[in-house]
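Trainee: Have a look; sequence and predicted model below, questions after that.
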Amino acid sequence: MTKPFNSPIIKKDLKVISRSMKFSWGLFAYIVALAIVFFLTYSTFSYSYGRGSRNTEIYEGFVYFFPVVGSVQLSIIGLIIPIITASSISGEKERKTMDVLLTTTITERQIILGKIGSAVVRVMTFIIASIPLVSVSFIMGGLSWIALFEYIFLAIIFAFMTGSIGILCSSICKKSITSIILSYVIYFGIYGLPFIFWLMEYLIDRDRTNYYLAPIALLLDPIFTFIVFFIDKMTNIDVIDMFGNASGPMSIFNNKYVWISLSVIMQTVVGILFVFLAAKNIRPGKK
């Protein structure tokens with residue numbers, strides 16, 4: 001069986017993008033955008049800490065580069081991945097190459113995993129390219145390097161789930177533009193609805209003592225996962241407690257470390273489910 005990162009789909013896509021000036025200019029624009037955010041953040045911290053502050057306090061401010069640059073990085077990646085994956089299968093259909101691809105020895109599941117794997121590899125390229133900027137928080141800010149590897153792991157899970165949404169829409173739609181629009185609708189639904197559930201439960205119980213839907217719904221939301229992660233690394237504030245403690249059997253969600261672990265598992269399971277449905281949709285004879 002073809003290994004995920006030894007897939008001919010990934011090899012073909014990487015050869016195409018490595019020879020494409022569009023990808024190179026896109027990576028350059030991405031680094032420039034992060035650099036602008038970096039220098040704006042640096043100017044803000046220099047102004048805030050510079051007046052009457054000790055040098056150690058200025059260095060402590062460098063730790064905040066990590067969440068600021070990381071959040072911008074994730075926002076850019078989150079907007080790019082649906083475009084990449086949502087046009088992968090539908091693009092093959094538009095070019096009339098999908099039927100030829102299905103006649104090869106590559107299975108439907110390997111095609112889908114190859115397309116997602118290609119998107120994840122591109123994301124890793126962007127993340128690795130930005131490490132010199134993010135590393136300021138670790139070298140000068142004193143942040144633990146373990147946090148960087150945790151961040152990369154969460155970013156991979158984020159890329160996989162987001163890519164699975166795009167690939168599912170691409171397998172359903174015949175046109176890339178329709179697939180991209182549908183993926184963004186699902187994308188913002190998954191990331192936005194959990195906060196609506198939380199707001200509804202907050203309005204019902206302002207004391208935030210009886211939460212049921214919100215903890216489960218927020219498990220599927222990578223945005224909230226990164227909020228919990230960044231605030232946990234920067235401060236001692238318990239975000240889970242701020243959003244309200246779950247009661248009864250749901251009290252297991254009150255531990256932020258357990259919550260992040262369950263969130264990663266939930267996002268992975270949903271991503272796998274979307275991959276399975278996408279593979280089922282591109283089977284020969286499927287209309």
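Mentor: Ah, there it is.
Trainee: drop to CA atoms for contacts and neighbour counts, all remaining ones
Mentor: OK.
Trainee: Ile177 is in what secondary structure piece?
Mentor: Assigning secondary structure by DSSP states H and E places Ile177 in helix 176-204.
Trainee: So for that helix, what gets flagged as buried?
Mentor: Going by neighbour count (16 or more other CA atoms under 10 Å), the buried part of helix 176-204 is 176-184, 187, 190-191, 193-195, 197-198, 201-202.
Trainee: who's in contact with Thr178?
Mentor: Contacts for Thr178 (CA atoms under 8 Å, 6 or more residues apart in numbering) come out as none.
Trainee: isn't Phe38 right up against Val136?
Mentor: No: contact criterion CA atoms under 8 Å: Phe38 and Val136 do not qualify, at 10.0 Å.
Trainee: give me the low-pLDDT residue ranges for the stretch 101-250 of the chain?
Mentor: Along the stretch 101-250 of the chain, segments meeting pLDDT under 70 span 137, 139-142, 201-202, 204-215, 236-250.
Trainee: repeat that for 90
Mentor: Low-confidence segments of the stretch 101-250 of the chain (pLDDT under 90): 101-152, 155-250.
Trainee: how about the helices in it?
Mentor: Counting by DSSP state H, counting those that start in this stretch, the stretch 101-250 of the chain has helices at residues 108-134, 136-139, 145-172, 176-204, 213-219, 222-234, 239-242.
Trainee: overlap in contacts of Phe38 and Val136?
Mentor: Phe65.
Trainee: for the helix or strand that contains Val32, what is the average pLDDT?
Mentor: According to DSSP H and E, Val32 maps onto helix 21-50. Averaged over helix 21-50, pLDDT sits at 75.
Trainee: Compute the inter-axis angle for it and helix 108-134.
Mentor: 40 degrees (axes from the mean of the first three to the mean of the last three CA atoms, to 10 degrees).
Trainee: what helices or strands is helix 21-50 leaning on?
Mentor: Packing contacts for helix 21-50, counted by 3 or more CA pairs under 8 Å, 6 or more residues apart in numbering; DSSP states H and E, involve helix 55-61, helix 65-86, helix 108-134.
Trainee: could you dump the ones you listed to TSV with mean neighbour count?
Mentor: Below are those laid out as TSV (neighbours: other CA atoms under 10 Å):
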stretch	mean neighbour count
helix 55-61	15
helix 65-86	20
helix 108-134	20
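Trainee: Tabulate the ones you listed (JSON lines), appending distance to Met161.
Mentor: Formatted as JSON lines, the helices and strands packed on helix 21-50 follow (distance: least, CA to CA, whole Å):
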{"stretch": "helix 55-61", "distance to Met161": "33"}
{"stretch": "helix 65-86", "distance to Met161": "10"}
{"stretch": "helix 108-134", "distance to Met161": "9"}
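Trainee: wait, which of these is closest to Ser170?
Mentor: Nearest to Ser170 among those is helix 65-86; the distance by CA to CA comes to 4.7 Å.
Trainee: Give me the contact list for that closest one.
Mentor: Taking CA under 8 Å, 6+ apart as the rule, helix 65-86 contacts 30, 34, 37-38, 41-42, 115-116, 119, 123, 127, 133-137, 155, 159, 162-170, 176, 179-180, 183-184, 230.
Trainee: OK, contacts around Ala279?
Mentor: With CA under 8 Å, 6+ apart, Ala279 has these contacts: Glu108, Arg109, Ile111, Ile112, Ser171.
Trainee: ditto for Val270
Mentor: Met161.
Trainee: Where does it sit: helix, strand or coil?
Mentor: At Val270 the chain is in helix, as set by DSSP: H, G, I helix; E, B strand; the rest coil.
Trainee: and the gap between it and Phe276?
Mentor: 10 Å (CA to CA, to the nearest Å).
Trainee: ditto for Thr44
Mentor: 47 Å.
Trainee: Who has more neighbours out of these two?
Mentor: Between Thr44 and Phe276, counted using other CA atoms under 10 Å, the more crowded position is Phe276 (17 against 13).
Trainee: which non-adjacent residue is nearest Tyr191?
Mentor: Leaving out its chain neighbours, the residue that sits closest to Tyr191 by CA to CA, 6 or more residues apart in numbering is Asp221, at 5.1 Å.
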